[in-house]
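> Quick check, what structure comes out for this input:
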Amino acid sequence: MTSTFPAARIPVLDLRVTSANTLVDALRRDSCVFLTGLDEFSAGGSFGADLAAMVEASREFFALDPAEKARVRWSGTGEWAGWQPLYEGGPDALLLERYELALPDPAGFADDGAWAATFDLWPEHPPRMTAAWAAYYRSARTLTNRLVEMIAGALGLPEADLPAWTTRQHSNLCVNHYLPQREEPAPGQTRQRPHADIGGLTLLWADGRAGLEAALGPDGAWVPVEFPPGAVLLQAGDLLHLWTRGSIPKNLHRVVNPPRTPGIPPTARYSAVFFHHPDLETWVAPTGTVTTETDSAGVTARDHVLARQRAAYRL
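All right, here's what the predicted structure looks like:
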């Protein structure tokens with residue numbers, strides 16, 4: 001079943017009754033699609049509850065004193081992880097802070113505690129943050145596995161490629177806290193510059209506050225994105241675009257500054273993002289081509305991810 005949410009111009013698909021071909025057709029046309037009906041496709045059948053608990057724990061974390069958050073600050077080198085105060089990045093800094101992690105395949109760990117312990121930048125407060133983030137990470141991981149299988153089946157992508165994109169996926173979970181803009185931003189400062197995401201698929205939840213825009217349609221016009229109740233936005237990234245030989249376009253998006261209205265206090269904005277990538281050792285090239293690691297038609301996932309991260313910002 002397909003419906004259209006008028007303010008967004010983006011299809012809304014109930015995954016419980018959506019075929020793989022319908023999903024792929026929507027992504028080919030718009031590079032993004034809203035998904036609903038996700039509980040039965042996630043670990044434990046509790047996608048929505050896991051998401052809500054993770055977001056609430058994250059709000060508590062961001063409310064902490066910066067000195068407390070700095071105990072789990074990203075080192076500034078290697079893959080993004082931990083607390084990242086992007087607002088400290090100089091005159092063109094992005095006006096947000098974020099917390100981010102990656103976890104391995106949970107198979108083979110005795111329990112979720114042992115699995116979560118593979119990440120070493122968990123905050124001490126709030127105490128429930130570790131369990132909440134691990135539960136949602138597992139749900140989002142299970143869901144993206146299913147989505148990749150649907151996309152690969154509809155496009156006839158090689159079955160031999162699938163383990164790198166599913167059971168061996170390397171994915172980041174991130175929550176963005178866009179700061180209330182109590183002062184006028186400097187010229188050129190914004191919440192997030194135009195970009196396409198680095199990896200395969202992105203699962204995006206936002207708190208309903210305006211700001212997200214996507215470049216849609218043949219003219220690439222910027223369109224405000226408003227989330228239907230209970231939906232997450234599925235966006236195509238660089239590596240999926242490459243793997244599908246450009247069949248699925250990557251989604252270009254940005255987050256603009258909120259309007260300043262006299263008498264109305266500025267507000268924060270939150271979003272939760274699951275950045276799905278294939279195994280970082282995977283050589284990603286257009287399906288059906290024969291390439292080697294010296295061929296510019298392809299790229300190692302790790303090299304691509306780290307190069308894009310280095311170009312995005314430094315702290």
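> Tell me how far Glu149 lies from Trp80.
27 Å (C-beta to C-beta, to the nearest Å). Yep, even glycine has a C-beta here, placed from its N, CA and C like the rest.
> and stretch 186-196, how far apart are its ends?
Counting by C-alpha to C-alpha, to the nearest Å, you get 24 Å between the two ends of stretch 186-196.
> That stretch: which residues count as buried?
For stretch 186-196, a neighbour-count test (16 or more other C-beta atoms under 10 Å) marks Gln189, Thr190, Arg191, Gln192, His195, Ala196 as buried.
> Run through the helices of the stretch 51-200 of the chain in chain order.
66-69, 112-116, 129-155, 162-165 (DSSP state H, counting those that start in this stretch).
> I'd like to know which of those helices is closest to Trp222.
helix 129-155 (25.8 Å; C-beta to C-beta).
> Roughly how far does Trp222 sit from Pro249?
Going from Trp222 to Pro249 by C-beta to C-beta gives 16 Å.
> Might you report the residue contacts of Ala301?
By C-beta atoms under 8 Å, 6 or more residues apart in numbering, the contact set of Ala301 is His170, Gly199, Leu239, His277, Pro278, Asp279, Leu280, Glu281, Thr282, Trp283, Val284.
> More neighbours: which of Trp222 and Pro249?
Ranked by neighbour count (other C-beta atoms under 10 Å), Trp222 and Pro249 place Pro249 first, with 18 against 14.
> so the more buried one touches Ala26, yeah?
No. Contact criterion C-beta atoms under 8 Å: Pro249 and Ala26 do not qualify, at 11.7 Å.
> how many neighbours does Glu183 have?
8.
> quick one on the thing from earlier: quick check on Glu149 and Trp80: which one has the bigger neighbour count.
Ranked by neighbour count (other C-beta under 10 Å), Glu149 and Trp80 place Trp80 first, with 21 against 16.
> Sort out which residues of stretch 134-147 are buried, please.
Quick answer for stretch 134-147 (16+ other C-beta under 10 Å): 134-145, 147.
> and that stretch, C-alpha only, in CSV?
Extracted C-alpha coordinates of stretch 134-147, given in CSV (Å, rounded to 0.1, in the frame of the first residue of the first chain):
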residue,chain,number,x,y,z
ALA,A,134,22.1,-1.5,22.2
ALA,A,135,18.5,-2.5,21.9
TYR,A,136,17.7,0.0,19.2
TYR,A,137,21.0,-0.7,17.4
ARG,A,138,20.0,-4.4,17.2
SER,A,139,16.5,-3.5,15.9
ALA,A,140,17.8,-1.1,13.2
ARG,A,141,20.4,-3.6,12.2
THR,A,142,17.8,-6.3,11.8
LEU,A,143,15.6,-4.0,9.7
THR,A,144,18.4,-2.8,7.4
ASN,A,145,19.4,-6.5,6.8
ARG,A,146,15.8,-7.1,5.5
LEU,A,147,15.8,-3.9,3.4
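> any idea of the mean pLDDT for it?
Per-residue pLDDT values over stretch 134-147 give a mean of 97.
> Residues contacting that stretch, please?
Residues contacting stretch 134-147 (C-beta under 8 Å, 6+ apart): 23, 38, 41-44, 46-47, 50-51, 53-54, 101, 103, 106, 112, 115-116, 166-167, 169, 171, 173, 200-201, 203, 234, 272, 274, 276.
> Can you show me the helices along the stretch 201-315 of the chain?
Using DSSP H, counting those that start in this stretch, helices in the stretch 201-315 of the chain cover 238-243, 301-312.
> would CSV of these with distance to Pro218 be doable?
Shown next, in CSV, are the helices of the stretch 201-315 of the chain (distance: least, C-beta to C-beta, whole Å):
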stretch, distance to Pro218
helix 238-243, 17
helix 301-312, 26
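> so which of those helices is the most packed in?
Of all the helices of the stretch 201-315 of the chain, helix 238-243 carries the top mean neighbour count, a mean of 24, counting by mean count of other C-beta atoms under 10 Å.
> Quick one: mean pLDDT over stretch 113-130.
Mean predicted confidence for stretch 113-130 is 97.
> Could you give me the buried positions within it?
Trp115, Ala116, Phe119, Pro123, Pro126, Met129, Thr130.
> Identify the farthest-apart pair in the residues you listed.
Trp115 and Pro126 (19.6 Å).
> Can you give the distance from stretch 177-194 to the centre of its chain?
Distance of stretch 177-194 from its chain centroid, counting by C-alpha atoms, centre = their mean, to the nearest Å, is 20 Å.
> brain fart, stretch 243-252
Taking C-alpha atoms, centre = their mean, one finds stretch 243-252 lying 16 Å from the centre of the chain it belongs to.
> cool, stretch 38-47 as well?
18 Å.
> how long is it end to end?
6 Å.
> Tell me the buried residues in it?
Residues Leu38, Asp39, Phe41, Ser42, Ala43, Ser46, Phe47 are the ones in stretch 38-47 that count as buried (16+ other C-beta under 10 Å).
> again, but for stretch 203-219
Neighbour counts over stretch 203-219 (16+ other C-beta under 10 Å) mark Leu203, Leu204, Trp205, Ala206, Gly211, Leu212, Glu213, Ala214, Ala215, Leu216 as buried.
> Lovely, talk soon.
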